[in-house]
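> need a 3D model of the following:
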Amino acid sequence: AAPTAVTMTMLIDPHEIANVLGLPGVKLMHDEAQTLPVNIYVQMPSCVPSAPGLETPGAAIGPAEVAEAMAWPGIIGLGEMMNFPGVFMNDDKMHAEMAETRKAGKVIGGHYASPDLGRPFHGYVAGGPADDHEGTRAADAIARVRQGMKAMLRLGSAWYDVASQVKAITEQGLDSRNFILCTDDSHSGTLVHEGHMNRVVRHAIAQGLKPITAIQMATLNTAEHFGVEKEIGSITPGRYADIVISSDLVELPIETVIAAGEIIAQDGVIVVDIPPYNYPAFAKNSVKLGKQLDPQDFDVILSKSEIRNPKSEIKTHVIGVVENQAPTRALIRTLPVENGLVTGDPGQDVCQIALVERHQATGGVTNGFVHGFGFNTPCAVATTVAHDSHHMIVVGTSKHDMALAANRLGAVGGGVVVFKDGQEIALVELPIAGLMSDERAEIVADKAARMVAAMAECGCTLHNAYMQLSLLALVVIPELRISDLGLVDVTKFEVIDLFDE
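Coordinates of the predicted model:
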């Protein structure tokens, strides 16, 4: 079994907690990271909210907060610059944050989630981001490296973007030193049962890279890019003695993990004690619904003018989930209307989606429709891990179950829950900011595995569907998303009507 701690160094962008708790939340994660036996460098979150005017986060980050954080020890740079139109359209706030990062001599992280490799992309790179992990095609990796960026090739629980892009090295002959391997959105089950960076390296080798090249792309290349190669990234004099011992460079079984010269894991078991961290009260009880939700909160009601012209169906904008990829499709489906209410249609694999406001206790619910989950029984799944503003997303075929799921997460302080036929069949509690558990990784992984199985029991056949679910409110990745302000067309960056009439 792969030890949980095989990843010796993490470079994290905690913009999730920043969206819920602001700068104090980032400081909390930064401070806890300093107490751990592995190296954790923090990138100061940049885009909170990720798309101003299209969503309402629980807190906001600006140039002043970025400047303050740049002075903390262990801050490695600026987190992923997700507001890519803000960069190439010369948004003052985005450029001020990047200027503070440059002033501190640190690296600006990228996130360019558009397939357009023309002028907007050139403008984005000119703006300052030095790396990017949003590529999905070989052309994306090639374009980034040719523009002087580092192309980060990611393998998450549900994002499989290494195989297509690594061809830039294996087939096109580009220099592997300009590429970095990374993860993105790896849930606890993947980490505990399959591994973290060792899983990515193993996968990259399987795509045709030489083992040493793949290992270099996960170690030295990363350390050099972030300017910490004097501390980590190689087994050379003066560096931390961070060493992973494996008996096979291709299969990468991990026998021993050494951090700063101390053995911390042996044959899949952590052998050092990591004491529990005492989280302050402000980090908990962050799910504020403002009221008990009932099934009527999830009604999709036609306007008075539409009711005056009674219809049995209506053309509706629907979010289309794409398996194993972060982008969605903007679909139009004709949905049934009953007594002035629009409903999902299992025959077209369309069910309801709702975004429930959870930061200001407004009681607000935004309703819409989503295609691709395959639910075929009365059910609902709710989560407070909902990138990037982390309101609550509820997807389901039964408004009764949707209300039960939402209220349950309100009661436990956040997490993920699955209801089927009015009964709770899976729950992962995430009481810290509604995003994280304070239980051991193996326990969380077991609960997460139960949650994945529960979604399958409701008819879902998507690979790691929970990952698609958690991104349905991410209003910086095309094409269609939902936010507390409505349905968002991410190709135009505007809120649109639910109905296409």
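
> please make it C-alpha for all contacts and neighbour counts, starting now.
OK.

> what about the helices in the stretch 251-400 of the chain?
Using DSSP state H, counting those that start in this stretch, the helices of the stretch 251-400 of the chain run over residues 304-308, 399-412.

> redo the ones you listed as TSV? Include mean neighbour count.
Below are those laid out as TSV (neighbours: other Cα atoms under 10 Å):
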stretch	mean neighbour count
helix 304-308	11
helix 399-412	23
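
> what about the stretch 301-450 of the chain, any weak spots by pLDDT?
Along the stretch 301-450 of the chain, segments meeting pLDDT under 70 span 304-310.

> which SS class is Tyr41?
strand (DSSP: H, G, I helix; E, B strand; the rest coil).

> give me the pLDDT for it.
pLDDT, Tyr41: 96.

> mind listing what it touches?
If you count contacts by Cα atoms under 8 Å, 6 or more residues apart in numbering, Tyr41 has them with Thr9, Met10, Leu11, Ile12, Ala33, Gly74, Ile75, Ile76.

> which of those residues are buried?
Thr9, Leu11, Ile12, Ala33, Gly74, Ile75, Ile76 (16 or more other Cα atoms under 10 Å).

> which of those residues lies closest to Val322?
Distance to Val322 across these (Cα to Cα) is lowest for Ile12, with 26.1 Å.

> hmm, the closest one is touching Gln43, no?
Yes: Ile12 is within contact range of Gln43, at 5.8 Å (criterion: Cα atoms under 8 Å).

> the strand or helix carrying Leu181: how far from the chain's middle?
Assigned by DSSP states H and E, Leu181 belongs to strand 179-182. Relative to its chain's centre, strand 179-182 lies at 17 Å (Cα atoms, centre = their mean, to the nearest Å).

> all numbers from here: first residue = 609
Got it, first residue is 609 now, which makes that one strand 787-790.

> that strand packs against which elements?
strand 758-762, helix 805-814, helix 819-826, helix 828-833 (3 or more Cα pairs under 8 Å, 6 or more residues apart in numbering; DSSP states H and E).

> deepest of these, which one?
strand 758-762 (a mean of 27; mean count of other Cα atoms under 10 Å).

> list the strands paired with that strand, with their directions.
Neighbouring strands of strand 758-762 in its sheet, by DSSP bridges, are strand 739-740 (parallel), strand 787-790 (parallel).

> tell me the helix or strand right after the last one.
Using DSSP H and E, the next helix or strand after strand 787-790 towards the C-terminus is helix 796-801.

> same question, the shortest one
Using DSSP H and E, the next helix or strand after strand 739-740 towards the C-terminus is helix 746-754.

> which helix is the longest one in this structure?
Secondary structure of the chain read by DSSP state H shows that its longest helix is helix 623-641.

> report the distance from it to the chain centre.
Here helix 623-641 shows a centroid-to-chain-centroid distance of 16 Å under the convention Cα atoms, centre = their mean.

> ok, now stretch 865-877?
Offset of stretch 865-877 from its chain centre (Cα atoms, centre = their mean): 29 Å.

> ok, now stretch 624-644?
For stretch 624-644, the distance to the chain centre is 16 Å (Cα atoms, centre = their mean).

> now what about that stretch, what contacts it?
So stretch 624-644 is in contact with 622-623, 647-650, 652-653, 656-657, 665-669, 673, 682, 882, 885, 891, 894, 967, 995-998, 1041, 1043, going by Cα under 8 Å, 6+ apart.

> which pLDDT does the model give Pro693?
Listed pLDDT for Pro693 reads 91.

> helices or strands up against the host helix or strand of it?
Following DSSP H and E, one finds Pro693 within helix 692-696. If contacts are counted by 3+ Cα pairs under 8 Å, 6+ apart, helix 692-696 sits against helix 700-711, helix 727-735.

> quick one: contacts of that helix?
Helix 692-696 is contacted from outside by Met702, His703, His719, Tyr720, Ala721, Pro728, Phe729, Gly731, Tyr732, Gly735, using Cα under 8 Å, 6+ apart.

> how near is the residue nearest to the second one when sequence neighbours are not counted to Gln780?
Meaning His703. Closest residue to His703 apart from its sequence neighbours, by Cα to Cα, 6 or more residues apart in numbering: Val695 at 6.8 Å. Per Cα to Cα, to the nearest Å, Val695 is found 30 Å from Gln780.

> and Ser1091, which of the helices and strands packed on helix 692-696 is closest to it?
Among these, helix 700-711 sits nearest to Ser1091 (Cα to Cα), with 21.3 Å.

> next, the angle helix 727-735 makes with the closest one.
Relative orientation of helix 700-711 and helix 727-735, computed by axes from the mean of the first three to the mean of the last three Cα atoms, to 10 degrees: 40 degrees.

> tell me which residues in helix 700-711 are buried?
Under the neighbour-count criterion of 16+ other Cα under 10 Å, helix 700-711 has Lys701, Met702, His703, Ala704, Glu705, Met706, Ala707, Glu708, Thr709, Arg710 buried.

> picking that back up, out of the contacts of helix 692-696, which is most surrounded?
Tyr720 (28 neighbours; other Cα atoms under 10 Å).

> that residue reaches Asp740, doesn't it?
Yes: using Cα under 8 Å, Tyr720 is in contact with Asp740, at 6.6 Å.

> got JSON lines for the contacts of helix 692-696, with distance to Met757 and pLDDT too?
Shown next, in JSON lines, are these (distance: Cα to Cα, whole Å; pLDDT from 0 to 100):
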{"residue": "Met702", "distance to Met757": "19", "pLDDT": "96"}
{"residue": "His703", "distance to Met757": "18", "pLDDT": "98"}
{"residue": "His719", "distance to Met757": "11", "pLDDT": "95"}
{"residue": "Tyr720", "distance to Met757": "12", "pLDDT": "95"}
{"residue": "Ala721", "distance to Met757": "15", "pLDDT": "90"}
{"residue": "Pro728", "distance to Met757": "15", "pLDDT": "97"}
{"residue": "Phe729", "distance to Met757": "12", "pLDDT": "98"}
{"residue": "Gly731", "distance to Met757": "13", "pLDDT": "97"}
{"residue": "Tyr732", "distance to Met757": "11", "pLDDT": "98"}
{"residue": "Gly735", "distance to Met757": "12", "pLDDT": "97"}
